[in-house]
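Trainee: Predicted model, plus sequence, below.
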Amino acid sequence: MTEEYWQKKCDGYVRQDQAKKLNTDDNVSMVHYAFYKHTFENGACALCQTRFHKFGRFRPTLDRKENNKPHTPENCQPCCWRCNTYKSHHDEKLTRLNIQLDNFSRLNNLPTNIAREHEKTYHLLRDSITGGLSNVLHRRNVKGETKINKLFWNPEKKCYEDRDTENIVTHVCGIDFNSLYPSCYSSAPHKFIEMMGYKEGKFFMPGSVMGEIEDKEKIMRIIKCGKNTKYLYVVSVKGYIPEDKLNKAANFPPIIRSIEIETSAETIGECTYNLMVQNKIVKKGQVKKEHKLTSLSSTMGRYMTFSNYYLHWLIDYFGFVIEDVGMMTTFTRHDRFLSFVDKMRVERVQAELAGEKGKGLSCKNAVNGSYGYDIMNEMNFVELKYCDQNRY
């Protein structure tokens, strides 16, 4: 700990106490520098017993034992930044419990909240949240008559064209699917996952944040390490699917993002644009800029965020080319949710075989409602049952 660092801390404590109209005459000062320098370099946090680090969550601070008194030597105890933030003005025993829960979660790679020092990670994730997809059919399909239509990339005209295939429509299907189900079963080992190149034969969910990386060379080295890194990551990249692979992505482009597009006939097609004119959404010839949830074959020259699993799928299957990288956040690997899902699956099957449909439905909804992260009491929640208004 340098004298400059200690002076800044003392000045901060004085400002904090003055804001609360406390007497600062006996506050810690440069007179106490040697004592606290020795304490911080050789001691540990009074709340979590972790040795202090120069930077990060465990950097040294002083915590007031009684918040209604100023930062005097008698009222202060050495405390890491994490515990000081946890405690704030709360009860010390409750703070210790929260810290123990946090330590347990991190030790076992369980999911934890994104801490305030990782604000960049929050925005990295938040900016790419798109919401659900809408399945919209833009043409009339008649069983036994309509030919199945597909999009193809025309390399000469540099555009997509739609062509009728020789296959005739027999059914129109909608897919009932969201990311909940693969998240629930993501940690189940499977030969197919191993065949994809993941040695452990399973996927993981993110636990706690390990670190934020902005060094572009280091980010590219981690990406080039391939699929079997010791941690998960999300990374913002600029890139595109090369022209010789566009037909693989033509009918369902894999980069799904909400982006600003022009609602012109040239951009969205004559058919869709004319429908907008007929329904008075736009006037003939008018061009509007709107945010739309869109399927893309490139990042449109901007940074977009991908998880390591999705990025490597784009690279392996579509030959995705990375033009530039922005920022990467690494996470510990979490696979503890699978035991919860397996228990619910067994409970549901046994309940339905016993004719207890209410209990079976409770087990299904427990999984559907949890999304892998909600805190639930595994000992009691299967005892729920559904009743009508007469409680039957």
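Mentor: Arrived safely, thanks for sending.

Trainee: For stretch 298-317, list every residue counted as buried.
Mentor: Of all the residues in stretch 298-317, those buried under the rule 16 or more other CB atoms under 10 Å are 298-299, 303-309, 311-315. (Glycine included, C-beta is placed from N, CA and C.)

Trainee: now stretch 188-195
Mentor: Counting neighbours by 16+ other CB under 10 Å, stretch 188-195 gives Ile193 as buried.

Trainee: Equivalent analysis for stretch 290-297, please.
Mentor: The neighbour-count check on stretch 290-297 (16+ other CB under 10 Å) flags Thr294, Leu296, Ser297 as buried.

Trainee: what's the answer for stretch 208-227, then?
Mentor: Here stretch 208-227 shows Ser208, Val209, Met210, Ile213, Ile219, Met220, Ile222, Ile223 as buried, counting by 16+ other CB under 10 Å.

Trainee: Now for the residues you listed: which two are most distant?
Mentor: Ser208 and Met220 (24.4 Å; CB to CB).

Trainee: Save the buried residues of stretch 290-297 as JSON lines, and put in pLDDT too.
Mentor: Putting those into JSON lines (pLDDT from 0 to 100) gives the following:
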{"residue": "Thr294", "pLDDT": "83"}
{"residue": "Leu296", "pLDDT": "91"}
{"residue": "Ser297", "pLDDT": "93"}
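
Trainee: Out of the buried residues of stretch 298-317, name the ones that lie in helices.
Mentor: In this view, these that belong to helices under DSSP state H are Asn308, Tyr309, Leu311, His312, Trp313, Leu314, Ile315.

Trainee: of the residues you listed, closest to Leu151?
Mentor: Distances from Leu151 to those, taken by CB to CB, are shortest for Leu314, at 18.7 Å.

Trainee: ok, so what distance separates that closest one from Pro206?
Mentor: Leu314 sits 19 Å away from Pro206 when distances are taken as CB to CB, to the nearest Å.

Trainee: Asn42 too?
Mentor: Distance, Asn42 to Pro206, by CB to CB: 35 Å.

Trainee: Look at those two and report which has more neighbours.
Mentor: Comparing Asn42 with Pro206 by other CB atoms under 10 Å, the one with more neighbours is Pro206, at 22 against 9.

Trainee: Once you drop chain neighbours, what's closest to that one?
Mentor: Phe331 (3.7 Å; CB to CB, 6 or more residues apart in numbering).

Trainee: what do you get for Tyr317?
Mentor: Sequence neighbours aside, Lys248 is the residue nearest to Tyr317 in space, at 7.0 Å (criterion: CB to CB, 6+ apart).

Trainee: Would you agree the one you found falls within a helix?
Mentor: Yes - counting by DSSP: H, G, I helix; E, B strand; the rest coil, Lys248 is found in a helix.
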